[in-house]
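Engineer: Here's my sequence, what's the structure:
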Amino acid sequence: MENVITSQRLFMLLIIIVVGMLLYLLGPILSPFLVGALLAYLTDPLADRLEVAGVSRTSAVVIVFVILTTIVTLLVLLFIPKLSHQIQVMIKQVPAVIALFEEKAVPAIQAYLGDGVSFGDLQSFKNLIASHWEKTGDIMAQIASGLTRSGLAVVGWIANLLLIPVVTFYLLRDWDVMMEKIAHLLPRNIEPIVSRWAKESDEVLGAFIKGQLLVMLALGCVYAVGLWLVGLDLALLLGMLAGLASIVPYMGFIVGIFAAGIAAYLQFHDPIILMWVAAVFAVGQALEGMVLTPLMVGDKIGLHPVAVIFAIMAGGQLFGFVGVLIALPVAAVIMVFLRHVHDGYKSSHLYGPQALAEQTEDELPQAQDIDVNEKR
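Structural biologist: Numbering: from 1, shown residues only. Below you'll find the predicted structure:
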């Protein structure tokens, strides 16, 4: 029996190593497949609900696919051009921000801490930004020029872009069937454990992706609409930036109110506008705490924000864009694994005599029952 278990462990370890090597070697062509798998994973619950309501699986997938395509098309047509324009506007305002810091903040800080405090040569930095913002704002033109010079790169980029919806459609249609077949392929003695771990990993990952990311998106929309009502030119860019920064608790509020306050002051030159900006972010924080987080995340335990940041950066460093796509699923599995390792360690003799004593107390009634049965 021990030889069988050892062989199974070696076999599973070999599969993990082979999969890791394939991810590393086939990384350049895996991006559309992984993006399609991520979209299928996110939209599978909606397809399941439609199926429960009496819609066939294929019809449910078509409905979900149409909704997803419509959302992506609206994002590309409506928001991407505006974001690109606002990024260029923001780059143009960088010298003005430096000048504001030099004229307002530096004297106040030096008055409080003393004249010995130095912030370096701000004028040289301002001149450097002013002389290079045109190149920075023309990034898309440079990318388009580079792609035009390489016809093969253009063909590959278009092929990958068109492959994503195809992969998403077929994976979404056969998602439940594939999960069932994978479960049947597992060795029978470890299938219950792997299935339980997979369910826990799905709960962890779902609590973050289907919960926290929805909260971030909702906060970004709230901040963008609020800043737009205030009249800020960079409302969409700063609102989405604050929503993305909300991955870390209170970070979106701090980053957003600071950046929006500077942009509003540079645009209106009126300190009263800062009160309206503060009101927008105060409303956003109240909605997050009382409505968004309880409704979309609830009491689920997802990935810690620091773990998410580390996982994404580590995945990008090791496997590039493919690593970024697989970072969160791998982090969810590792988190579940570490949780079980932690529970095993707390109940082992390595943790201390108390754990061993508690384990002995738990086993004592069972041993007494066995002795009684033997005497009978």
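Engineer: Next, count neighbours for the nearest residue to residue 228 once chain neighbours are set aside.
Structural biologist: Nearest in space to residue 228, with sequence neighbours left out and distances taken as C-beta to C-beta, 6 or more residues apart in numbering, is residue 235 at 4.0 Å. Placement of C-beta: from N, CA and C, glycine included. Applying other C-beta atoms under 10 Å, we find 23 other residues in the vicinity of residue 235.
Engineer: List the contacts of residue 235.
Structural biologist: Under the criterion of C-beta atoms under 8 Å, 6 or more residues apart in numbering, the contact list for residue 235 reads 224, 225, 226, 227, 228.
Engineer: What of residue 37?
Structural biologist: If a contact means C-beta under 8 Å, 6+ apart, then residue 37 has 167, 171 as its contacts.
Engineer: Same check on residue 251?
Structural biologist: residue 245.
Engineer: could you measure it against residue 21, distance?
Structural biologist: For residue 251, the distance to residue 21 equals 37 Å [C-beta to C-beta, to the nearest Å].
Engineer: What residues of stretch 250-269 count as buried?
Structural biologist: For stretch 250-269, the buried set under the neighbour-count rule, 16 or more other C-beta atoms under 10 Å, comprises 252-253, 255-257, 259-265, 267.
Engineer: Same list (those) but as CSV, adding pLDDT.
Structural biologist: Output for these, formatted as CSV (pLDDT from 0 to 100):
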residue, pLDDT
252, 85
253, 88
255, 88
256, 90
257, 91
259, 89
260, 90
261, 89
262, 88
263, 88
264, 88
265, 86
267, 86
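Engineer: quick one: the strands in the stretch 201-350 of the chain?
Structural biologist: Applying DSSP state E, counting those that start in this stretch to the stretch 201-350 of the chain gives no strands.
Engineer: Now do the helices in it.
Structural biologist: In chain order, the stretch 201-350 of the chain shows helices spanning 213-230, 235-245, 251-268, 272-287, 293-296, 305-319, 321-346, with DSSP state H, counting those that start in this stretch as the criterion.
Engineer: just those helices: most buried one?
Structural biologist: Here the criterion is mean neighbour count by mean count of other C-beta atoms under 10 Å, and of the helices of the stretch 201-350 of the chain the winner is helix 235-245, at a mean of 23.
Engineer: what angle do that one and helix 251-268 make?
Structural biologist: Relative orientation of helix 235-245 and helix 251-268, computed by axes from the mean of the first three to the mean of the last three C-alpha atoms, to 10 degrees: 160 degrees.
Engineer: avg pLDDT for the helix or strand encompassing residue 169?
Structural biologist: Remark: residue 169 resides in helix 151-173, with elements defined by DSSP states H and E. Confidence over helix 151-173 (mean pLDDT, whole number) is 79.
Engineer: repeat for stretch 185-193
Structural biologist: For stretch 185-193, the per-residue pLDDT averages 80.
Engineer: what would the buried residues of stretch 250-269 look like in CSV with distance to residue 172?
Structural biologist: Written out in CSV, the entries for the buried residues of stretch 250-269 read as follows (distance: C-beta to C-beta, whole Å):
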residue, distance to residue 172
252, 31
253, 36
255, 35
256, 35
257, 39
259, 38
260, 38
261, 43
262, 43
263, 40
264, 43
265, 47
267, 44
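Engineer: And these, which is closest to residue 160?
Structural biologist: Here the nearest of the buried residues of stretch 250-269 to residue 160, counting by C-beta to C-beta, is residue 252; it sits at 31.6 Å.
Engineer: how close does the nearest residue to that closest one once chain neighbours are set aside sit to residue 287?
Structural biologist: Sequence neighbours aside, residue 246 is the residue nearest to residue 252 in space, at 3.2 Å (criterion: C-beta to C-beta, 6+ apart). Here residue 246 is placed at a distance of 12 Å from residue 287 (C-beta to C-beta).
Engineer: for residue 170, same thing?
Structural biologist: Relative to residue 287, residue 170 is positioned 38 Å away (criterion: C-beta to C-beta).
Engineer: can you check residue 304 too?
Structural biologist: Between residue 304 and residue 287 the computed distance is 23 Å (C-beta to C-beta).
Engineer: same thing with residue 189?
Structural biologist: Using C-beta to C-beta, one obtains 49 Å as the distance from residue 189 to residue 287.
Engineer: Same check on residue 232?
Structural biologist: When distances are taken as C-beta to C-beta, residue 232 and residue 287 turn out to be 19 Å apart.
Engineer: ditto for residue 158
Structural biologist: As judged by C-beta to C-beta, residue 158 and residue 287 stand 40 Å apart.
Engineer: hang on, the earlier thing: now do the same contact list for the residue nearest to residue 252.
Structural biologist: For residue 246, the set of contacting residues under the criterion of C-beta under 8 Å, 6+ apart consists of 215, 216, 219, 220, 252, 253, 288.
Engineer: Confirm for me that the last one is in contact with residue 217.
Structural biologist: No - with contact defined as C-beta atoms under 8 Å, residue 288 does not count as touching residue 217 (12.0 Å).
Engineer: Mind listing the shared neighbours of these two?
Structural biologist: When contacts are counted by C-beta under 8 Å, 6+ apart, residue 288 and residue 217 have no shared neighbour.
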